[in-house]
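Chemist: pasting the sequence and the predicted coordinates here, then a few questions.
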Amino acid sequence: MREYKTVAKAYPKKRPAKERTQDYYPIYHNFEENEAKAQASRCLQCPIDLLRGLESEFTFCRTGCPLNNNIPRWLKKTYEHDYTSAFELSNARSPFPEILGRVCPKKGLCESACTLEKTSYHAVSIGNVEVYLNEKAIEEGAVPFYGRANERTFKVAVVGSGPAGLSCATFLLRAGIDVELYERENRVGGLLMYGIPNFKLPKSVILRRFEWMKNAGMKVHLNTEVGKDVSLSELQEKFDAVFLGLGVPLGRSAGMENEDAKGVHHVMELLTQTQKNLLDHALQQSILRDKHVIVIGGGDSAMDALRTAIRHKAKSVTCVYRRDEASMPGSKAEVVNAKEEGVQFIFNALPKKALVDENRQVVGLEILETYLDENNRLQTKEQSTQTLSADSIVLALGFEAKRFSFYEELDLAVGRSNTLIVDENKETSHPFVFAGGDVVRGANLVVNAALDGREAAFAIAKKLGALSDPYFNL
Ligand SMILES: Cc1cc2nc3c(=O)[nH]c(=O)nc-3n(C[C@H](O)[C@H](O)[C@H](O)COP(=O)(O)OP(=O)(O)OC[C@H]3O[C@@H](n4cnc5c(N)ncnc54)[C@H](O)[C@@H]3O)c2cc1C
Ligand code: SF4
């Protein structure tokens with residue numbers, strides 16, 4: 001360990017753009033064993049036991065991870081090739097470490113807090129080692145612990161199978177509580193399944209977790225929408241507690257003319273249809289093949305849409321973003337990946353109007369040039385109108401919460417932006433009804449949804465007087 005002076009920080013190898021745009025497989029390879037060991041060997045092994053209790057004053061990888069994962073310990077076990085122990089440690093506080101290692105924006109979380117990141121040597125590649133050690137342990141036969149079915153006395157309904165719901169279900173099962181999962185879609189995972197593209201997160205990884213949870217006794221109701229197929233009050237009466245992990249389903253509007261024209265799609269329509277087609281082996285139904293495609297937006301979901309359009313074999317793929325490149329809100333690496341794959345960018349451009357033909361089919365997009373005024377407010381230049389030709393426009397401008405009508409059944413308190421209001425235990429205004437993830441925070445991150453699900457599960461277990469989790473404090 002502490003080899004940071006002799007071993008440079010490294011990332012897993014990336015497939016060449018020409019090759020990877022021909023398919024939907026992940027663009028990064030996982031580390032090889034020697035690479036993972038070398039990267040783990042760079043860890044300083046900050047003395048975590050000594051520092052426990054001082055965490056608020058001292059930052060290191062663990063404090064940067066929302067789940068407070070015991071990172072130095074599993075890095076050491078990986079270095080020692082003890083994958084069984086590394087797996088147990090990395091699954092102690094995390095409901096699905098092999099997923100989070102793939103999708104977390106590590107640079108803004110654990111890796112930015114790593115002590116080495118404050119030096120010229122740069123952080124340990126924490127997330128990529130996390131993926132490696134879990135995949136290796138699973139290959140060697142490791143299975144996560146989900147409690148014992150015969151010890152369960154209480155039962156909880158979890159509504160929504162995104163990361164918040166799956167995390168809550170995981171920690172409830174581990175605390176000896178029966179779980180029934182309600183999901184309106186035909187597959188579990190929420191945005192893990194139908195939002196984040198396969199080239200960032202292979203879906204087999206989610207389905208593997210799901211199988212383990214079913215084998216541990218979790219009951220699942222797919223294609224079952226709460227508020228339509230079953231009421232919230234029915235669940236509240238039948239179960240000891242209810243957890244709501246409903247996400248934020250509404251796409252933001254661009255506020256331009258003709259937004260309802262044929263050929264204007266919301267980002268989730270594109271990503272969900274693509275993923276369903278891939279999983280059902282029917283990709284010939286592409287809505288973008290041979291089309292000129294414009295994606296409006298500059299965040300990570302816009303990059304996902306652009307790179308998906310490239311894989312649909314669109315004729316051209318262009319990103320229109322209202323500010324400059326430096327102001328783009330998402331990961332810089334995703335912008336690099338998009339450029340490598342052939343995406344064109346138009347910055348400082350505000351969409352004004354979708355141009356349509358006599359059948360209201362999109363034929364172009366009118367944009368205005370933008371600038372920042374002296375108060376840093378975005379303005380449009382007069383007489384700067386330009387026309388871009390397009391057959392398809394994809395809106396990727398973020399998401400908003402929906403005020404579900406079934407909230408009224410239990411008079412749940414709702415905030416100004418339609419998110420659910422919860423207390424410090426993730427309990428809503430109705431006793432024994434809990435909530436977490438995007439439905440509470442607004443559009444956020446997978447790891448924070450996982451954290452909310454875990455905290456709600458612990459609060460439910462405590463309130464019901466269930467077992468304590470034997471692994472959490474590893
Ligand atoms: C395109 C895209 C890419 C992203 N990429 C990343 C990334 O790389 N890294 C990252 O950290 N974050 C990413 N995010 C954000 C992340 O996916 C979300 O923050 C996270 O999924 C929120 O989890 P959740 O469980 O709260 O909600 P969701 O994942 O939205 O899950 C909600 C679930 O509830 C179900 N549901 C809703 N209403 C009902 C009902 N009435 N009855 C039954 N079921 C219902 C839905 O069908 C869905 O399955 C991305 C988001 C998008 C849109
Ligand atoms: S869960 Fe995310 S933040 Fe935590 S160690 Fe893994 S990659 Fe880092």
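Modeler: Yep, that arrived. Here the structure is a predicted model, which means the values were calculated and not measured. Ligands and ions are numbered 1, 2, ... in the order given.

Chemist: run through the strands of the stretch 351-474 of the chain in chain order.
Modeler: With strands called from DSSP state E, counting those that start in this stretch, the stretch 351-474 of the chain shows them at 362-372, 378-380, 386-389, 392-395, 399-400, 433-435.

Chemist: let me fix that, I meant to ask about the stretch 151-300 of the chain.
Modeler: 154-159, 177-182, 219-221, 241-244, 250-251, 264-266, 292-296.

Chemist: what is the mean pLDDT for the last one?
Modeler: For strand 292-296, mean pLDDT rounds to 98.

Chemist: between the strands of the stretch 151-300 of the chain, which gets nearest to residue 10?
Modeler: Checking the strands of the stretch 151-300 of the chain against residue 10 by C-beta to C-beta gives strand 292-296 as the closest, at 31.6 Å. Backbone N, C-alpha and C define where each C-beta goes, glycine included.

Chemist: ligand 2 contacts on the protein?
Modeler: The chain has residues 65, 67, 69, 71, 94, 100-101, 104, 106, 109-110, 126-127, 130, 447 near ligand 2, with proximity defined as C-beta under 6 Å from any ligand atom.

Chemist: taking these one by one, which sit in helices?
Modeler: In helices, defined here by DSSP state H, the members of the residues of the chain next to ligand 2 are 71, 100, 101, 110, 126, 127, 130, 447.

Chemist: closest to ligand 1 out of these?
Modeler: Among those, residue 447 lies closest to ligand 1 (C-beta to the nearest ligand atom), at 5.8 Å.

Chemist: give me the pLDDT for the closest one.
Modeler: For residue 447, the pLDDT comes out at 98.

Chemist: run through the residues that contact it.
Modeler: The contact partners of residue 447, by C-beta atoms under 8 Å, 6 or more residues apart in numbering, come to 65, 66, 67, 100, 104, 109, 163.

Chemist: now do the nearest residue to the first one once chain neighbours are set aside against residue 359, distance only.
Modeler: The spatially closest residue to residue 65, leaving aside those adjacent along the chain, is residue 110, at 4.3 Å (C-beta to C-beta, 6 or more residues apart in numbering). Between residue 110 and residue 359 the computed distance is 51 Å (C-beta to C-beta, to the nearest Å).

Chemist: ok, the two, which is more surrounded?
Modeler: Set residue 110 next to residue 359 and count neighbours by other C-beta atoms under 10 Å: residue 110 wins out with 29 against 8.

Chemist: now for the closest residue in space to residue 300 that isn't next to it in sequence, how many residues are close by?
Modeler: In space, and not counting its chain neighbours, residue 300 is closest to residue 330: 3.8 Å by C-beta to C-beta, 6+ apart. Neighbours of residue 330 under the rule other C-beta under 10 Å: 17.

Chemist: next one: phi and psi at residue 330?
Modeler: The phi/psi pair for residue 330 (degrees, to the nearest 10) reads phi -90, psi -170.

Chemist: repeat that for residue 120.
Modeler: phi -80, psi 0.

Chemist: what about it, distance to residue 3?
Modeler: Taking C-beta to C-beta, one finds residue 120 at 15 Å from residue 3.

Chemist: pick out whichever of those two has more residues nearby.
Modeler: Between residue 120 and residue 3, counting by other C-beta under 10 Å, residue 3 is the more crowded of the two (14 against 5).

Chemist: so what's the closest residue to ligand 1 within the stretch 351-474 of the chain up against?
Modeler: Going by C-beta to the nearest ligand atom, ligand 1 is nearest to residue 437 of the stretch 351-474 of the chain, at 2.3 Å. Contact analysis of residue 437 by C-beta under 8 Å, 6+ apart lists 160, 162-165, 245-247, 444, 448-449, 452-453.

Chemist: leaving out the residues flanking it, which one is nearest to it?
Modeler: Excluding its sequence neighbours, the residue lying closest to residue 437 (C-beta to C-beta, 6+ apart) is residue 164, at 2.7 Å.

Chemist: pull the contacting residues for that neighbour.
Modeler: Neighbour list for residue 164: 190, 243, 245, 247, 436, 437, 438, 439, 449, 450, 452, 453 [criterion: C-beta under 8 Å, 6+ apart].

Chemist: rewinding a little: against residue 331, how distant is the residue nearest to residue 65?
Modeler: 15 Å.

Chemist: so who does the nearest residue to residue 451 once chain neighbours are set aside touch?
Modeler: The shortest distance from residue 451 to any non-neighbouring residue, by C-beta to C-beta, 6+ apart, is to residue 66 (4.7 Å). Applying C-beta under 8 Å, 6+ apart, we find residue 66 in contact with 109, 445, 447, 448, 450, 451.

Chemist: farthest pair in those residues?
Modeler: Spatial extent of those (C-beta to C-beta) is set by the pair 109 and 450 at 12.1 Å.

Chemist: looking at those two, which one has more neighbours?
Modeler: residue 450 (30 against 20).

Chemist: so residue 151 makes contact with residue 174?
Modeler: No. Using C-beta atoms under 8 Å, residue 151 is not in contact with residue 174, being 10.6 Å away.

Chemist: more neighbours, the two?
Modeler: More neighbours surround residue 174 than the other of residue 151 and residue 174, with 26 against 11 (other C-beta under 10 Å).

Chemist: quick one on the thing from earlier: now do the same for the residue nearest to residue 65: its pLDDT.
Modeler: Note for residue 110: predicted pLDDT of 95.

Chemist: mind checking how far it is from residue 104?
Modeler: Residue 110 is 8 Å from residue 104, where distance means C-beta to C-beta.

Chemist: and for residue 279?
Modeler: Distance of residue 279 to residue 104, computed by C-beta to C-beta: 24 Å.

Chemist: kindly report the same for residue 271.
Modeler: Applying C-beta to C-beta, the value for residue 271 to residue 104 is 19 Å.

Chemist: contact residues of this structure facing ligand 1?
Modeler: So the chain meets ligand 1 at 103-104, 159-165, 182-185, 190-191, 195-196, 200, 225-227, 245-247, 271, 300-301, 304, 437-439, 444-447, 449 (C-beta under 6 Å from any ligand atom).

Chemist: any chance of a ChimeraX selection covering the buried ones in those?
Modeler: To isolate the buried members of these in ChimeraX, using 16 or more other C-beta atoms under 10 Å:
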select :103,104,159,160,161,162,163,164,165,182,183,184,185,190,191,195,196,200,226,227,245,246,247,271,300,301,304,437,438,439,444,445,446,447,449
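
Chemist: thinking again about what came up before, what residues are up against the residue nearest to residue 65?
Modeler: By C-beta under 8 Å, 6+ apart, the contact set of residue 110 is 61, 62, 64, 65, 69, 71, 104, 123, 126, 127.

Chemist: closest to ligand 2 among the contacts of residue 66?
Modeler: Set against ligand 2, the nearest of these by C-beta to the nearest ligand atom is residue 109 (3.7 Å).

Chemist: does the closest one touch residue 64 like I think?
Modeler: Yes. Applying C-beta under 8 Å, one finds residue 109 in contact with residue 64, separated by 5.1 Å.

Chemist: could you list the domains of this structure?
Modeler: Structurally, the chain divides into domains by automatic domain parsing as follows: 17-139, 149-249+400-464, 253-397.

Chemist: tell me which of these sits nearest to residue 472.
Modeler: The nearest among the domains of the chain, by C-beta to C-beta, is domain 17-139 at 5.9 Å.

Chemist: end-to-end on the closest one?
Modeler: Terminal residues of domain 17-139 lie 29 Å apart, using C-alpha to C-alpha, to the nearest Å.
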